[in-house]
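>>> Sequence first, then the predicted structure:
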Amino acid sequence: AVAAFLCTVTVVLVCAGAATNAEASPCGGKYDLVVYAAAPAGVAAALHVARSNTSASVLVIEPSAYIGGMMSPGGIGLRDHRDASLMNTTELEWGLENAKYYGTNNPVWQPDAYVGETNLYKILAKSPNIELLVGHRLLEKGGVTMDGTQVRTITTSPTSARALATAAIRQRNLGVAHLVRAPMDTSYSQSCTWVAKYVVDASYEGDVAAAAKVSLTFGRESRAKYNESYGGITSGSIAHFRVPVNATWANGTLLPFVSDGPDPRQHLGEADENLMAYSFRACITQNTSNQVPYPKPDGYDPQHFELPRRHVAAELAAKLPPAKPWGNLAYSQYPRSKRDACCGSGPVGIDAAGLEVGYANGDWATRNQIYETIKYYVQGLMYFWSYDDTSGLPDATRKEFQSYGLCKDEWPENGHMPPQLYVREAFRVVGDEVYSQNDRLSAADRCRNDSIAIAEWGIDIHEMQRVAVPASSSSETKVAFNEGLTSPGTGGNFKYELPYSVLLPKRSEATNLLVPNCPSVSHVTFSGIRVEPTLWRMGQAAGAAVVAASSTGPDAVLHDVAPARIQEQLFNLGVGYHWPVRPSCSSPAPPPPPPPGPPACKTYTVASAGTPWVNGDYKFAGFENNYPKFVLSANASMYVWDSAWRIAHQGIKNELEYVSDVHASVPPATGWQVVDGQLPVPRVNPAC
């Protein structure tokens, strides 16, 4: 009767099938695989194991109230890929589930966040041997016990009463509560211990790996450590301050959001403990029917935003248009009229440089405090640019920002802000081998026999620090200085193979643990493999390693798994791990596809756009991303990126003016929307 009562009052999860592996205690059980964190890599690992062996027991533990990591509660989907042909098996399954919702046949990689999360629940529910525990996290002390080099148990407790309540609300609102099989009544408030044969730590922080006391690092290595040209502290940032901005108050104390660190220019190439800036990737829209104004964050103080105020004033005084704090990336294809507030090339952007310090190795309380500080910073910048009367921004600029607001249909239980903090990097495992920048470079023309995944992103390092430095060698004035940000294409966007060793801690430390989200790579290399589509593929490879080890015998060591056994499973599912795709390095490479022929019309006219410099005749200038590219001038071009046609300024301003949601092989006449440009939208027609 008590159990029936608990099933009745527990809104979070259905009790059917619950506690199938539990022992006599109220919670806990034994599993073939325990996955910690339902980020894309964790989901991919769980699905691969559960589908490869339907008798295998799999438990996925998610510390937050949401599943999907940066893909759904983070708001970015799987948009960060360059070649959709690599998106196969469960990645593609998710994209096609999204497509069904929108009535299209093309995979949708950045859907509404609630659509993406719902479909993730649906995909997990297809495997009856997967159980899901949401709102529970690793015990802060004693969360992992070891048996020699085996992670033997993981102990969790509820993250918070709020996390459990939010999970209940979220799953009810998504209509997915009936889909989830829980190993226990999730309202149980005490700690629970889970016995695991194999463990995949898919957290962005590497929490299980840290609790297992394997070798870890964070920050960036020196340039000399792995002989990396992009290693260590650098000389600046592509988001530099174009005009000097005083970084101190009159009494000499630093402005908020500026750090008192050593001058990076005096320590080039050295190691430090800074991390890529964290942020929140908010969903924003100009659709007034689905919009709420940017909120004024609790405790908002205009003096906290003196740095952006001085930055705006300095640029206006220099007759420069103020550099914007973020770029409005259009959601790809669907849904229409939504934007992903990303990064931006402005020197005071929503990438919260320096505010992540202490997060990677911090306790739960420290991390929560940093989370709230970054949330305040991001929301504060949004409010500053839109509604703060003291900002000094031109009226036209303020009105432009006021025309946007948070997406009303996203995360209503969280004030319409994404709940997932963008933890771009934290701990990284230091395994028996560390994959570095030179390994990446050599992989451009090398087939690796030990490859288990393909990466394709450039060295995409976000801002590492914002510090106060002397304005000149003879000046006592200190100015704000950014350091670290690179272009996403730095080092080239070629495809490169990732070896099995990146997933593994040292053999002497842990032999049944895989860590796809915090792999054994250098900081430089991690900046190119940290995007979610690549992490998904690494998670699937981790699942394949578990399947291979499990078929060998009890307590088989993951380090003894031959990469060929992982490759065989992936190849049978159509997942590439060699480029060009083939079963082994000894197999002949398939012939390259024939180059696309020139478009029937080689000139397209852009007219009537509110941004006047984009108007004119665009000439065919070759192919980019297998689509024709058309160029008006050295800076203005029309091209395809992320499945969408774009008209952009690629010079100093780095602005994306307009984007079309019409999927076409040549520039479409309709479907154009404003991003950084001005109304009206352009008319585009062939001129031949």
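Cool, the structure landed.
>>> surely Gln437 meets Tyr226?
Yes: under the criterion of C-beta atoms under 8 Å, Gln437 makes contact with Tyr226 at 6.7 Å. (Glycine included, C-beta is placed from N, CA and C.)
>>> anything in contact with each of these two?
Residues touching both Gln437 and Tyr226 (C-beta atoms under 8 Å, 6 or more residues apart in numbering) are Ser522, Val524.
>>> These two: which has the busier surroundings?
Gln437 (24 against 19; other C-beta atoms under 10 Å).
>>> And that one, how close does it get to Ala542?
23 Å (C-beta to C-beta, to the nearest Å).
>>> so where's the stretch 151-300 of the chain shaky on pLDDT?
Residue ranges of the stretch 151-300 of the chain with pLDDT under 70: 186-188.
>>> Next, work out how far apart the nearest residue to Gln303 once chain neighbours are set aside and Tyr377 are.
Nearest residue to Gln303, sequence neighbours excluded (C-beta to C-beta, 6 or more residues apart in numbering): Pro256, at 7.6 Å. In this view, Pro256 and Tyr377 are 9 Å apart by C-beta to C-beta.
>>> Just want to know which of the two has more residues nearby.
Neighbours were counted for Pro256 and for Tyr377 using other C-beta under 10 Å; Tyr377 has more, 23 against 13.
>>> So that one belongs to a helix, correct?
Yes: with DSSP: H, G, I helix; E, B strand; the rest coil as the criterion, Tyr377 is located in a helix.
>>> which ones are touching the nearest residue to it once chain neighbours are set aside?
Sequence neighbours aside, Ala352 is the residue nearest to Tyr377 in space, at 4.9 Å (criterion: C-beta to C-beta, 6+ apart). Listed by C-beta under 8 Å, 6+ apart, the contact partners of Ala352 are Phe257, Ala277, Tyr278, Ser279, Thr373, Ile374, Tyr377, Val378.
>>> One more: Leu498?
Here Leu498 is in contact with Tyr435, Ser451, Ile452, Ala453, Ile454, Ala455, Ile529, Thr534, Met538 (criterion: C-beta under 8 Å, 6+ apart).
>>> helix or strand for it, which one?
strand 496-499 (DSSP states H and E).
>>> For that strand, which strands pair with it and how are they oriented?
strand 451-455 (antiparallel) (DSSP bridges).
>>> what does the partner strand contact?
With C-beta under 8 Å, 6+ apart, strand 451-455 has contacts from 86, 440, 495-500, 503, 528-529, 534, 537-538, 540-541, 544-545, 563, 566-567, 570, 576-579.
>>> elements contacting the helix or strand where Tyr198 lies?
Using DSSP H and E, Tyr198 sits within strand 192-201. Strand 192-201 is packed against strand 29-36, helix 40-52, strand 58-62, strand 150-158, helix 207-211, strand 513-514, helix 532-550, with contacts defined by 3 or more C-beta pairs under 8 Å, 6 or more residues apart in numbering; DSSP states H and E.
>>> got these as JSON lines, with distance to Gly68 and mean neighbour count columns?
Listed next are the helices and strands packed on strand 192-201 as JSON lines, based on distance: least, C-beta to C-beta, whole Å; neighbours: other C-beta atoms under 10 Å:
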{"stretch": "strand 29-36", "distance to Gly68": "13", "mean neighbour count": "25"}
{"stretch": "helix 40-52", "distance to Gly68": "7", "mean neighbour count": "28"}
{"stretch": "strand 58-62", "distance to Gly68": "9", "mean neighbour count": "27"}
{"stretch": "strand 150-158", "distance to Gly68": "19", "mean neighbour count": "20"}
{"stretch": "helix 207-211", "distance to Gly68": "18", "mean neighbour count": "24"}
{"stretch": "strand 513-514", "distance to Gly68": "20", "mean neighbour count": "28"}
{"stretch": "helix 532-550", "distance to Gly68": "9", "mean neighbour count": "27"}
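>>> Now these in a markdown table, please, with extra columns for distance to Leu679.
Formatted as a markdown table, the helices and strands packed on strand 192-201 follow (distance: least, C-beta to C-beta, whole Å):
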| stretch | distance to Leu679 |
| --- | --- |
| strand 29-36 | 47 |
| helix 40-52 | 37 |
| strand 58-62 | 42 |
| strand 150-158 | 49 |
| helix 207-211 | 47 |
| strand 513-514 | 50 |
| helix 532-550 | 33 |
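>>> is it true that Tyr121 lies in a helix?
Yes: under three-state DSSP, Tyr121 falls within a helix.
>>> I figured it was touching Leu179, is that so?
Yes: applying C-beta under 8 Å as the test, Tyr121 and Leu179 come out as touching, 5.2 Å apart.
>>> Could you check which of the two has the larger neighbour count?
Applying other C-beta under 10 Å to Tyr121 and Leu179 shows that Tyr121 carries more neighbours, namely 22 against 18.
>>> Grab the nearest non-local neighbour of that one.
Val176 (4.1 Å).
>>> can you tell me which residues contact the one you found?
With C-beta under 8 Å, 6+ apart, Val176 has these contacts: Thr118, Tyr121, Lys122, Ala125.
>>> Please report how far the third one lies from Val312.
As defined by C-beta to C-beta, Lys122 lies at a distance of 46 Å from Val312.
>>> So these two - more neighbours on which side?
The neighbour count for Lys122 versus Val312, taken as other C-beta under 10 Å, is higher for Val312 (23 against 15).
>>> Can you give me the pLDDT of that one?
Predicted confidence (pLDDT) for Val312: 97.
>>> Find the helix or strand that it is a member of.
Secondary structure (DSSP H and E) places Val312 in helix 306-317.
>>> cool, Val606 as well?
Here Val606 is assigned to strand 603-607, by DSSP H and E.
>>> That strand: what's the following helix or strand?
strand 616-624.
>>> ok, so of the contacts of Leu498, who is nearest Glu483?
Ile529 (22.3 Å; C-beta to C-beta).
>>> Tell me how far that closest one lies from Ile566.
17 Å.
>>> Please apply the same query to Ala211.
For Ala211, the distance to Ile566 - C-beta to C-beta - is 26 Å.
>>> ditto for Pro347
Taken as C-beta to C-beta, the span from Pro347 to Ile566 is 44 Å.
>>> now do Gly431
For Gly431, the distance to Ile566 - C-beta to C-beta - is 16 Å.
>>> So those two - more neighbours on which side?
A direct count of neighbours by other C-beta under 10 Å for Gly431 and Ile566 places Ile566 higher, at 27 against 23.
>>> can you give me the strands in the stretch 1-150 of the chain?
Using DSSP state E, counting those that start in this stretch, the strands found in the stretch 1-150 of the chain span residues 29-36, 58-62, 130-134, 136-138, 144-147, 150-158.
>>> Now do the first one against helix 40-52: the angle between them, please.
Put plainly, it is strand 29-36. Angle, strand 29-36 to helix 40-52, by axes from the mean of the first three to the mean of the last three C-alpha atoms, to 10 degrees: 140 degrees.
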